[in-house]
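Peer 1: I'll drop the sequence and a predicted model, then ask my questions.
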Amino acid sequence: MSDTPPPVRRRLPLTWLGLLPFVLFVALFLIAPTMKIVLGAFQRADGSFTFENIAGLFTDSILSSYWISIKISVASAALGCLVGFLMAAAMVLGGLPRAIRSPLLTFSGVASNFAGVPLAFAFLATLGPLGLVTLALKTHLGINLRVYGFNILSFWGLTITYLFFQIPLMILIITPALDGLKREWREAAQCLGASGAQYWRMVALPILFPSILGTFALLFANAFGAVATAIALTGSSLNIVPIMLFAQIRGDVLGNPHLGYAMAFGMILITGVANVLYIVLRMRSERWLK
Amino acid sequence: MKRAAAWAILLLGMAYFILPLLGMVEFSLSMKRGVYSLEAYRVVLADPRFRETFTFSVVMALLTIVVGMAIVVPTAFWVRLKMPGLRPYVEFVTLLPLVIPAIVIVFGYIRLYNTSSALPLTGTIFGTNLLLVFGYVTLSLPYMYRAVDTGLRTIDVATLTEAAQSLGAGWATILARVILPNVLVSVLSGAFVTFAIVMGEFTMAALLNRPAFGPYLQLMGANRAYEPFALATIAFVITWACMGLIQLVTRFSKHDKAAR
């Protein structure tokens, strides 16, 4: 895309010129910075090629940070898919008044954009040590969340917080897919003697499966790249990849700048694979739902 | 039975979304012991740092919208008109910022545009601000491009362009006086999403060391008890307002078209 047209042919150049500002911008502020990181991950300080940085990732502390990140992303994506699917199904197929549809979708649009630092505060105010729900449970029901080992600055605390933008995203993506389930399919299944559960297990879910799995991949990438929420919520008490990378960029805590490149490269690799999965599965699901 | 289950799921789900917002608002109102008051908001609004960072972020957001639209509108128009074959590729490129985490992009900026490079943007405050605007444009590229491209789909770009050309209009006139007014609603919805994103953005501003609203929020969170919740409430209201405005312009435009 970014290659300039050969000067010999005089027919094409003028059309290409229209795209020049865009191509230049993207090359300078999206592609080049990313390439710098990717190349840097395979370079020594003097610029020579090496796998040392990638190998350097395989230390206990870095591996465990990737592992926690992956676990949180999987948990929040899986729960986000499940709850989002149930809510969307309740809205589309549950026989509820159509009037709730538009407000719910609008709210999903807001909530999926309400990430970052403010979101972390909202959950601190709710499930933190002095939060609304924590105190209500303690005074009214005598349940002390601390006794059960719950802490907002932990794996589950972060997962529950991430759900606030994961569930709405799932609702926004899966609602069109649920709308696409044709009435005739259900009727056909019933004519053949299928029960409601059989219809779901053998017809609806197989059709929806690529959409659900694809959205799972998208939610996974979404959670994996989330930085601000994690930093505002846990400070540096939970060593997930984005927090470690943030500290590394700020002050080279790993003691090797090129190890930072390698960590960032690992992040691109994981979110990239998840997104490719999403695109492939989405193309598969569109075969049925169009 | 089925309807009851549907209601139960929906209400439980909504409880999950409403409780944190309630908790946040409740905390922001309880700075004075025993009574609800707007004390935290008063303190926050009186803080000069709040005004500085808030203004900074508003200016950044507006610049991002202007720069972003200056890049996105002509590009989307040109691709539709002259190079429809390239559309999937351009769209793919605009979606890349959703794949590459913002922290990685800004990491690249810091390494690529530092003081010892050919384009030392981070060397001056002006340069860093410029870099931040470009970073924000990159982050909002997926939303802006999609919004504008959807808007362009609903109008006949080729005919409008030919009509304008036959009346003697140049490219700038066509874009500013024919295409832009026709896709204004889409441009506005893209702009509001961008505004919401930039106002709450933390990672890029923090790593580029710019005094934006996001890093200020995080700093307050680490040091104060009640003010952060007032700030978070303000941030939430901004996000709500932006989304509400999108609905409003979309509805307004439908009305507008029906009346004609």
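Peer 2: On my side now, so go ahead.

Peer 1: pLDDT averaged over the strand or helix carrying residue B:27 - what is it?
Peer 2: Using DSSP states H and E, residue B:27 sits within helix B:2-29. What helix B:2-29 shows for mean pLDDT is 89.

Peer 1: pull the CA atoms of the following helix or strand past that helix into CSV?
Peer 2: Downstream of helix B:2-29, the next assigned helix or strand under DSSP H and E is helix B:39-46. Provided in CSV are the C-alpha atoms of helix B:39-46 (Å, rounded to 0.1, in the frame of the first residue of the first chain):
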residue,chain,number,x,y,z
GLU,B,39,-18.7,19.3,48.3
ALA,B,40,-16.4,17.0,46.3
TYR,B,41,-17.6,18.6,43.1
ARG,B,42,-17.0,22.1,44.5
VAL,B,43,-13.4,21.1,45.5
VAL,B,44,-12.7,19.5,42.2
LEU,B,45,-14.1,22.4,40.2
ALA,B,46,-12.1,24.9,42.2
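
Peer 1: related to what we said a few turns ago, which strands and helices lie in contact with the helix holding residue B:27?
Peer 2: Counting contacts by 3 or more CB pairs under 8 Å, 6 or more residues apart in numbering or on different chains; DSSP states H and E, helix B:2-29 packs against helix A:60-93, helix A:101-113, helix A:117-127, helix A:132-141, helix A:155-179, helix B:39-46, helix B:227-259. Where you see a C-beta, it was placed from the backbone N, CA and C, and this is true even at glycine.

Peer 1: how big is the angle separating the fifth one from helix A:60-93?
Peer 2: Using axes from the mean of the first three to the mean of the last three CA atoms, to 10 degrees, one finds that helix A:155-179 and helix A:60-93 are set 40 degrees apart in direction.

Peer 1: Now the very next helix or strand once past helix A:155-179: average pLDDT?
Peer 2: Note on helix A:155-179: by DSSP H and E, the next helix or strand toward the C-terminus is helix A:183-191. Across helix A:183-191, pLDDT averages out at 87.

Peer 1: any weak-confidence spans in the chain?
Peer 2: Picked chain A for this. Low-confidence segments of chain A (pLDDT under 70): A:1-13, A:147, A:149, A:236, A:288-290.

Peer 1: nope, chain B please
Peer 2: The model of chain B has pLDDT under 70 over residues B:1, B:254-260.

Peer 1: Return the residues of the stretch 51-200 of chain B in contact with chain A.
Peer 2: Contacts of the stretch 51-200 of chain B with chain A, taken as CB under 8 Å from any CB of the partner chain, map to B:71-72, B:74-75, B:78-79, B:82-83, B:86, B:89-90, B:93, B:96-112, B:134-135, B:137-138, B:141, B:193, B:196-197, B:200.

Peer 1: Pull out the buried residues from the residues you listed.
Peer 2: B:71-72, B:74-75, B:78-79, B:82, B:90, B:93, B:96-112, B:134-135, B:137-138, B:141, B:193, B:196-197, B:200 (16 or more other CB atoms under 10 Å in any protein chain shown).

Peer 1: Now residue B:209: closest residue in space that isn't a chain neighbour?
Peer 2: Distances taken as CB to CB, 6 or more residues apart in numbering or on different chains put residue B:128 closest to residue B:209, at 7.3 Å, once the chain neighbours are dropped.

Peer 1: and the helix or strand the one you found falls within, how far out from the chain's middle?
Peer 2: Per DSSP H and E, residue B:128 falls inside helix B:125-153. Centroid separation for helix B:125-153 versus its chain: 8 Å, with CA atoms, centre = their mean, to the nearest Å.

Peer 1: got the buried residues for that helix?
Peer 2: Neighbour-count burial for helix B:125-153, with 16+ other CB under 10 Å as criterion, is recorded at B:128-149, B:151-152.

Peer 1: now swap in stretch A:21-40 and tell me
Peer 2: Here stretch A:21-40 shows A:22-23, A:25-26, A:28-34, A:36-38, A:40 as buried, counting by 16+ other CB under 10 Å.

Peer 1: Kindly report the same for stretch B:58-74.
Peer 2: Quick answer for stretch B:58-74 (16+ other CB under 10 Å): B:60, B:61, B:63, B:64, B:65, B:67, B:68, B:69, B:71, B:72, B:73, B:74.

Peer 1: now, among these, which is nearest to chain A?
Peer 2: Nearest to chain A out of those is residue B:71 (CB to the nearest CB; 5.5 Å).

Peer 1: Which strands and helices lie in contact with the helix or strand harbouring that closest one?
Peer 2: Assigned by DSSP H and E, residue B:71 falls within helix B:48-82. Identification of packing neighbours for helix B:48-82 by 3+ CB pairs under 8 Å, 6+ apart yields helix A:20-26, helix B:87-99, helix B:125-153, helix B:157-166, helix B:184-200, helix B:213-223.

Peer 1: Residue A:134: which of the ones you listed is closest?
Peer 2: helix B:213-223 (17.7 Å; CB to CB).

Peer 1: that older thread, for the helices and strands packed on helix B:2-29, which one ends up most surrounded?
Peer 2: Sort these by mean neighbour count, taking mean count of other CB atoms under 10 Å in any protein chain shown, and helix A:117-127 sits at the top with a mean of 27.

Peer 1: touching chain B at all, it?
Peer 2: Yes. Helix A:117-127 lies within reach of chain B by CB under 8 Å from any CB, at A:117, A:118, A:119, A:120, A:121, A:122, A:123, A:124, A:125, A:126, A:127.

Peer 1: Next, the angle from that helix to helix B:2-29.
Peer 2: For helix A:117-127 against helix B:2-29, the angle between stretch directions is 100 degrees (the same axes, to 10 degrees).

Peer 1: who touches the residue nearest in space to the middle of chain B in this structure?
Peer 2: Nearest to the mean C-alpha position of chain B, by CA atoms, centre = their mean, lies residue B:194 at 1.5 Å. By CB atoms under 8 Å, 6 or more residues apart in numbering or on different chains, residue B:194 lies in contact with B:61, B:64, B:65, B:68, B:136, B:140, B:143, B:144.

Peer 1: What of residue B:144?
Peer 2: Applying CB under 8 Å, 6+ apart to residue B:144 gives the contacts B:68, B:69, B:72, B:190, B:191, B:193, B:194.

Peer 1: Then residue B:210?
Peer 2: Neighbours of residue B:210 in contact, by CB under 8 Å, 6+ apart: B:56, B:128, B:129, B:132.

Peer 1: Just give me the closest of those to chain A.
Peer 2: Chain A lies nearest to residue B:132 out of the contacts of residue B:210, by CB to the nearest CB, at 10.9 Å.

Peer 1: Settle this for me: that closest one is touching residue B:207, isn't it.
Peer 2: No. Residue B:132 lies out of contact with residue B:207 (CB atoms under 8 Å); the separation is 9.9 Å.

Peer 1: The stretch 101-250 of chain A against chain B: which residues are in contact?
Peer 2: For the stretch 101-250 of chain A, the contact set with chain B under CB under 8 Å from any CB comprises A:104, A:106-107, A:109-111, A:113-127, A:131-133, A:163-164, A:167, A:221, A:224-225, A:227-228, A:231-232, A:235, A:242, A:245-246, A:249-250.
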